[in-house]
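*Asks:* generate coordinates for the sequence data below:
(3 chains)
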Amino acid sequence: MKKVSVSFTLNGDSVTAEVPVTWTLLKTLREYFELTGAKEGCGVGECGACTVIMDGEAINSCLCPIPEVEGRSVTTIEGLADEDGTLHPLQEAFLKNNGVQCGFCTSGMIMSSKALLDHNPDPTEDEIRTSIAGNFCRCTGYVQIVESVKMAAKDGK
Amino acid sequence: MPDHLFVGKSIPRTIEADKVTGKAVYIDDLKRPGMLYGKILYSKHAHAKIKKIDTSKAEKLEGVRAVLTGQDIPDVRVGFLKDQTVLKKDVVRQYRDEVAAVAAISPEIAAEAADLIKVEYEKLPAVFDPFEAMKQESQLVHELDARGRPLKSNILPLPWKFEAGDMEQARKDSTYISKDTVSTTWVNQCCMGTSGCIAEFDQNNNLTLYDQTNVIFGHIGRITEYFSQIGLRGKKIRVVNPVVGGSFGTKLDTDIYEFIAIQLALKTRKPVKILFDRKEEFRALPPRQPAVFTIEQGCDKEGRLTFRHCEAILDNGAYTSWGATTPSVMIMPMSSLYRVPNVYFKATCVYTNNIYAQAMRGYGNPQATFAVETSMDTLAEKAGIDPAEFRLINRNRPGDDTPMKLRITSCGLEECITAVKEKLNWDNKKGKQKGRGVGMASLIHVAGGARVTKSDGHGIMVKLDEYGHVDVIESGTDQGQGSPTVISQIVAEALGVRPEDIFLTFGDTALALWDAGTHASRHTFMAGNAAIGACAKAKRQILEMAVEQMPKIIKSGFKRKKRKDPGFVEPDLDFGLIANPEDMDIRDRMIFPKNDPDHPHFKLPLTQILQNGLHVGIGQSKVVVAEEFYDPPTEMLNWEMKGNLSMTYAFGTCGVEVEVDEQTGEIKILNLVSAHDVGKAMNPTLLLGQIYGAAYTGVGYGLTEEIKVQNGRVMNPSFRDYQMLTAMDVVPIEAVIIEPIDEAGPYGAKGVGEPGLVPTAPAIANAVYDAVGVRITDLPITPEKILTALKERK
Amino acid sequence: MIDYDYLRPDNLEEVLGLLKEHGPKATLIAGGTDVMVKIRNTKKAPEVLVSIRGLKDLRYIEKRKDYHIGALTTHRMLEQSELVRTELSALYDGASRVGSVQVRNVATVGGNICNAAPSADTAGPLLVLDAIAFMEGPEGKRSVPITEFFTGTYKTVLKTDEVLTEIKIPGEMEHFGSAYWKHSRRKAMNLPILGIAVSLKLDGEIISDVRIALTVAAPTPVRAYKAEDFLKGKALSDEALNEAGKIAASTECCSLRDSLRGEAWYRAEIIEAYVPRMARLAAERRSK
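*Replies:* Numbering: from 1, shown residues only, chains lettered A, B, ... in the order given. Predicted structure coming up:
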């Protein structure tokens, strides 16, 4: 089992992980760093439950070979709230608008939304739906998720 | 009605903040010390003899701790009809048959070991068509029944037959009759969190099962029975829910993988986790029950229904889970959706070598309603009556007793149909047939519990600490529907505290009283009523404490004042106002006399009373704890399949406007209106979430979803090829909430978890017919089917 | 158990060196959305993965005399490029419909065509935009028109020691309007049941030049030459377009098959319906 040492920025902190080279970013986050917010919903980039932000862009961490993370900046759901526990507007909005039901898709859903709002603070509904098209949800029918993102965009201003 | 502080308000889900910060622990995230990972080896054939299993290579792989085959564990039969064993020994009867299982120190090693197990099969002829399998001469899927007696046919010995009235006379009395055959296929529940559990034995062989099940006590029942046959009689089982990643019906039976995890844990003496990957979830998880219905309905000259006659054939697959019991729910729409005096319904379940089915949101109701509501439209057309009008003529009304002996109490069906008509602009849009059309369908569903087992109870325990925290020990499962928020609203309202004072424990059998299960849309109704009962008792205890403690507190307060200021004159108070608990109340954490809620001296914080009541100093300390086991006065279905099994029933109507591209068959939903009679909306925002989510799944059921099974094999076991809808598949949806307060429900509420899903598919089918004049009777309604039908018509 | 060496060279020269060194043991990986999925699904991996993801030099969209797109340009870059959206519209259509934003953020256009699935969403657009594929190997640089690039299902002319470096689209395509239709059951996260790309040049109402490409209609992405020949010189009319659609759907232009995602007869219907629609859309875009 070949191992690799990867240094990168994780939720603002400089970290180094020594893990098997075959590990993905998802597995590294969940097993090495014990950040279990990102989930494996399919393992093949088809559901979005593993979405994190890398260098400002939403990616499926289940498809990202860990060596590719060297020198990059990764943000996960655990890095969104302030240190004192104050929630990010997206997190607040999802709780207020029932954008979260069972919650399994939520980490990925919020990270996709954050990537959108970071680039485009005032998105149209179309743009919101495009940004979360790769995040499956069975509970909500997406309606209240879109409303949550809209509310967060408004609150963020 | 008094003004509620919390009930009926859209309180945010702050109590579930862990879900938006990545802290919530799902079964995927849960680890136990020394835990091993289990992996299952599945059959490579639909029907074959197992000649030989060679596990030697697998056992030698480093990191493997156990390899089990059917030879290694007792031959105990499990399942609703006890027609399968945990690991299959001599014969495999479907592609998902579990042939061997491995426990290893990592999931990768377990998977590699499973791949190293060599199984030699001898293929047997298989049968995949239930109509073929029903025939006398068909290959038998099972040769023996659970008791070892020879079976003569693939037809299951289940009593699904319902009769009411005089069918022969009813036919004679009918002016119009229509007959249709419709069919529905397998669809996957698509929980975002896949199936999984951790089985762990303690030193004394008592089991803890970390499991997502919705029937924590049902699990104990089935595992207890299993234990008694594998040498563990009398051992205790504790089921504990982690955070659950969706259920939609998948977690109502004890599945084979759970028994396998138990066996691996027993063998290795370590906790063993089995977690399905997505492929397994599509291939090995029992999906929704498919069915073929032949349905006939008749009506008189005025359009009043005279009879409904229906026969259904259900592909039961190779073994039996709850799919085979869906007819017991199908009887509900068959006999009680709309007023129909004469009813005949017979369902035949047939073994095949296909995958077998379990429950899925709606539990047979979506399938049966597709049949009934297709037939309502074809009959309306025969009678020359507008389909909406036809439904209004035959609508259920409050106070009705249906042929199934369901007692309809509150019923908002008329309001639902009318609302849908209005929102869709029905009268102007119907009958144009220029590629655009409207259609509707209604539903009836249980909404006040569902007595499917002898006890339909739900127990809640409430206890308060002296800091004003309220612990609510729930007996149900939180599957994401919002129960923590809704129950905390109910408790806060009933007790006089705030929702943020409430802390709930769900899904732990060591703590919970008992619950029949979080199914049948019953949770809010049952737990709500139990909570109200428990809170009434707790409130009584608090107020008894208050009448004892308040005078002491006030008087000693005056004494202190007098000591400090000798000039202080004790006010002349009427302590009679606070002498009786019946005269007291609690609201917003304060206790006060009802007749003088703002009394300057007699209004004290709840916490102060609790502290004084617990820390008395001379013995006689009291704690506040109360429980209520709510088991409503409903009936089980008798041998005629009749009985009022629920306290109340939900009604609703779905209306759809579609546009069909006649060149390609593509369908676009222009508008979907989902009207529901919910009794009372406990939390409007959460309620909308249930309606939107269910309707959306219903659209998938109607238009895009199907598990493609070829010769028993699931051909599309991925999100790429299984067409669950994405956020870009926009369905403009409007929810209409009708609130005919139901006396039986907690603050008037009725269940609403499943109803949104039930009528969507037939509403779409009816709208497509209105748009282009072709009726698709076989779900899903795909562009290919529409195009084929359009061509055939030419 | 899967194990491999993961190498991350800095420049093209290093990449070529590694490919030479490891020969058949090595496989290139760019965005990873095909390679990683294949490894996961087959449970097999090459011994050496040579990652070209870091080769920033191969990531660009430029218009000089011609259009130059670096092989490592992501679908998201194509989607968000005003230039691509307005002047190479079919490529915008194709790239923006691949998978999801998460996939498009890392998946490269080079990876898409080198994987050579018959359903590749950029293949049809590139075929109707007269694209030329540039590659580099130990013997030096060479180029191949995209019409000759695909040799079979998942097969291309790219040798195992070569790397695709650039896709060039001739500058005169600026005068063509183009469009791509991805036919699928839902609006995202799907492979197409069928893909139709059309580009055309108008002289008044006359179609002076036209290209039609079909994907999932043959073992490789193909041009519907017979349909193109029919349309050239004709007026942009329903009659002509519908006839072109019929020719495109016939065995003269493609070899439709039944598969899990769709049946041959339905695919033919879609071609007949959407060739005219995409031609009209391409014409509309041209006149802007």
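*Asks:* quick one: the closest residue to chain A within the stretch 401-550 of chain B from B:Gln212, how far?
*Replies:* The nearest approach of the stretch 401-550 of chain B to chain A comes at B:Gly480, 2.8 Å away (CB to the nearest CB). Heads up, the C-betas are built off the backbone N, CA and C, glycines and all. Using CB to CB, to the nearest Å, B:Gly480 is found at 11 Å from B:Gln212.
*Asks:* what is in contact with the two at once?
*Replies:* B:244-245, B:247 (CB atoms under 8 Å, 6 or more residues apart in numbering or on different chains).
*Asks:* before we move on, the earlier item: name all residues that make contact with the residue lying closest to the residue of the stretch 401-550 of chain B closest to chain A once chain neighbours are set aside.
*Replies:* Of all residues not flanking B:Gly480 in the chain, A:Cys102 sits nearest, at 2.8 Å (CB to CB, 6 or more residues apart in numbering or on different chains). Applying CB under 8 Å, 6+ apart, we find A:Cys102 in contact with A:138-139, B:191-193, B:243-246, B:479-480.
*Asks:* could I get the residues you listed as TSV with secondary structure, distance to B:Glu281 and neighbour count?
*Replies:* Output for those, formatted as TSV (DSSP: H, G, I helix; E, B strand; the rest coil; distance: CB to CB, whole Å; neighbours: other CB atoms under 10 Å in any protein chain shown):
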residue	secondary structure	distance to B:Glu281	neighbour count
A:Arg138	coil	12	26
A:Cys139	coil	16	32
B:Cys191	coil	8	26
B:Met192	coil	10	28
B:Gly193	coil	9	30
B:Val243	strand	18	25
B:Val244	coil	15	26
B:Gly245	coil	11	27
B:Gly246	coil	11	25
B:Gln479	coil	16	29
B:Gly480	coil	17	28
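*Asks:* ok, which pair from these is furthest apart?
*Replies:* Maximum pairwise distance among the contacts of A:Cys102 (CB to CB): 15.4 Å, between A:Arg138 and B:Val243.
*Asks:* B:Lys118 against B:Ile50, yeah?
*Replies:* No - taking contacts as CB atoms under 8 Å, B:Lys118 lies outside contact range of B:Ile50: 11.4 Å.
*Asks:* who's more crowded, those two?
*Replies:* Neighbours per residue (other CB atoms under 10 Å in any protein chain shown) separate B:Lys118 from B:Ile50, with B:Ile50 holding more: 22 against 12.
*Asks:* part of a strand, is the more buried one?
*Replies:* Yes - counting by DSSP: H, G, I helix; E, B strand; the rest coil, B:Ile50 is part of a strand.
*Asks:* filter the shared contacts of B:Gly480 and B:Gln212 by proximity to chain A?
*Replies:* B:244-245 (CB under 8 Å from any CB of the partner chain).
*Asks:* chain C: which of the shared contacts of B:Gly480 and B:Gln212 is nearest?
*Replies:* The closest of the shared contacts of B:Gly480 and B:Gln212, once distances to chain C are taken by CB to the nearest CB, is B:Gly245, at 19.3 Å.
*Asks:* correct me if wrong: the closest one contacts B:Ser195.
*Replies:* No - B:Gly245 is beyond contact range of B:Ser195, at 9.6 Å (criterion: CB under 8 Å).
*Asks:* any common contacting residues for those two?
*Replies:* B:Gln212.
*Asks:* for the stretch 101-250 of chain B, what spans make up the helices?
*Replies:* Counting by DSSP state H, counting those that start in this stretch, one finds helices in the stretch 101-250 of chain B at the ranges B:107-116, B:130-133, B:167-172, B:216-229.
*Asks:* again, but for chain A
*Replies:* A:25-27, A:89-96, A:106-119, A:125-131, A:143-156 (DSSP state H).
*Asks:* could you dump the ones you listed to JSON lines with distance to B:Phe276, mean neighbour count and mean pLDDT?
*Replies:* Formatted as JSON lines, the helices of chain A follow (distance: least, CB to CB, whole Å; neighbours: other CB atoms under 10 Å in any protein chain shown; pLDDT from 0 to 100):
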{"stretch": "helix A:25-27", "distance to B:Phe276": "17", "mean neighbour count": "24", "mean pLDDT": "98"}
{"stretch": "helix A:89-96", "distance to B:Phe276": "27", "mean neighbour count": "24", "mean pLDDT": "98"}
{"stretch": "helix A:106-119", "distance to B:Phe276": "19", "mean neighbour count": "26", "mean pLDDT": "98"}
{"stretch": "helix A:125-131", "distance to B:Phe276": "29", "mean neighbour count": "18", "mean pLDDT": "98"}
{"stretch": "helix A:143-156", "distance to B:Phe276": "25", "mean neighbour count": "22", "mean pLDDT": "95"}
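*Asks:* appreciated, that's everything.
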